[in-house]
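Novice: kindly generate the corresponding structure for this input.
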Amino acid sequence: MFKPGTEIYIYPQPPRHADEVQSGVDRYLYALQQSLACELKLVNKRDMTAQQAGEAVTTANEEELDLIPNSNSKKSLLRKCIPSVCFLIYGYIQETVTLALEMRRGVPEQSMIHVNRVGCELQTIAAKIAGIERVMTTVHNLPGEDLEAQHWFRRCIEWLSFACGDRHICVSHATFDAWHQRVGLRRDKVEIIYNGMTPPDYSQFDRDQYRSKLLPTVTDAVWIGICARLHPMKGHAVLLQAFARLLQGGEHSEVALVIAGSGGLDQELQQLAKDLEIEDSVYFLGHRTDAIEFAAAIDINVLPSIHSETLGYSLIEAMFAARPSVVSDVGGMKELIQNSGGGKVVKACDVEGLADALACYLSNPTQMTADGQKAQCYALEHLTADQMAAATMEAYAKLV
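Specialist: A predicted model of the protein is given here:
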């Protein structure tokens, strides 16, 4: 039996306050910390996320990591390959040994470490080298699809990292399936626990006032909203093309596309909106710190991710706000929609399918409201932070 009050050592450090939350992993850790019936402790003061641990030894120079030389000669290949591989091996070994020494100094051998995966991790390997008996991980990411992620040495590190974990929490069935195919992850070592959050209190929220202050010129329009960083994987370009198609027929003129989030694609996406001649109906809000209020202000939530999406918190926020969602069939998002009936699932990169799904809701406000209510009921029953924490405690107990 797992006893409340037992200390769990964790990577990376959970945010101490709500205003420190900056990512989905931060939201997970913060919600877990607030609801867990035991104390989460940081291994040491070095706040290194799993992604940073991997990147610290692989980001020297893109040319050094590129094993495809410009010349076809074998001599060029050897000159290119050997320094790169040696650099990778030396860097990973150095980082792993450093982490292991830190853990050995700061963590009793019979303790438990909970590592949160967002990339190619070394912490689980270091924990076993340090002699720590119980290693739990939460898998927040899908396998990478870029060339660097396919590097044979990186894939070896991924396999060894998973092998050093005693049990794993996957945030969706799709996450498990992807890593099962990638590294042979075993189902008997995995718990499927959806992300959770504290149900928002909207009793004091004035939706009309919020909308009029944010976008006073389109207060009465139907808002199609997305809250996500402006990154290619999030599928903003697909959404803009689908929205342009939606407006072509002229049947849905009283509609606005509201985009919350920042990132390197800001100017590119704004230019795309101009090229599609929809800039008058698209609103870029930039980075927002009021995601909870934004979720309640929109009418339809949309997440057209094209790859690498496990289970975005913006979907869960929209569900708690009783907003239906249109999502792509990437990662675990489709699972929540199919389980709840609170939205529609379309194929990734399917511009026409995305436009048709949005049009269906715009033509049927009754269904839009009903699906939003279904989403909210499911979230309150299955996606609260307390339920996530209770399931995590059970996973801890299986290790103890």
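
Novice: can you count the residues close to Ala389?
Specialist: Other residues near Ala389 number 20, with proximity taken as other C-beta atoms under 10 Å. Every C-beta, even on glycine, is put in place using the N, C-alpha and C of the backbone.

Novice: burial count for the closest residue to Gly24 other than its chain neighbours?
Specialist: Distance criterion C-beta to C-beta, 6 or more residues apart in numbering; nearest residue to Gly24, sequence neighbours excluded, is Tyr313 at 5.0 Å. By other C-beta under 10 Å, 22 other residues sit near Tyr313.

Novice: which residues does Tyr313 contact?
Specialist: By C-beta atoms under 8 Å, 6 or more residues apart in numbering, Tyr313 lies in contact with Gly24, Arg27, Tyr28, Asn195, Met197, Ala291.

Novice: give the contact list for the last one.
Specialist: When contacts are counted by C-beta under 8 Å, 6+ apart, Ala291 touches Cys227, Ala260, Tyr313, Ser314, Glu317.

Novice: quick one: which of these sit in strands?
Specialist: Cys227, Ala260 (DSSP state E).

Novice: Arg167: which of the contacts of Ala291 is nearest?
Specialist: Among the contacts of Ala291, Tyr313 lies closest to Arg167 (C-beta to C-beta), at 23.4 Å.

Novice: which of the contacts of Tyr313 fall within helices?
Specialist: Taking DSSP state H as the definition of helices, those contribute Gly24, Arg27, Tyr28, Ala291.

Novice: give me the domain ranges for this protein.
Specialist: 7-196+385-399, 207-382 (automatic domain parsing).

Novice: and stretch 18-34, what's buried?
Specialist: Neighbour counts over stretch 18-34 (16 or more other C-beta atoms under 10 Å) mark Val21, Gly24, Val25, Asp26, Arg27, Tyr28, Leu29, Tyr30, Ala31, Leu32, Gln33 as buried.

Novice: then stretch 345-362?
Specialist: 345-346, 348-351, 353-359, 361-362.

Novice: kindly report the same for stretch 279-291.
Specialist: Quick answer for stretch 279-291 (16+ other C-beta under 10 Å): Ser281, Val282, Tyr283, Phe284, Leu285, Ala291.

Novice: quick check: Arg167 vs Glu20, distance?
Specialist: 28 Å (C-beta to C-beta, to the nearest Å).

Novice: pull the most distant pair out of the contacts of Ala291.
Specialist: Ala260 and Tyr313 (13.0 Å).

Novice: measure Ala163 to Val171 for me?
Specialist: 20 Å.

Novice: revised request: answer the last question for Gly144.
Specialist: 17 Å.
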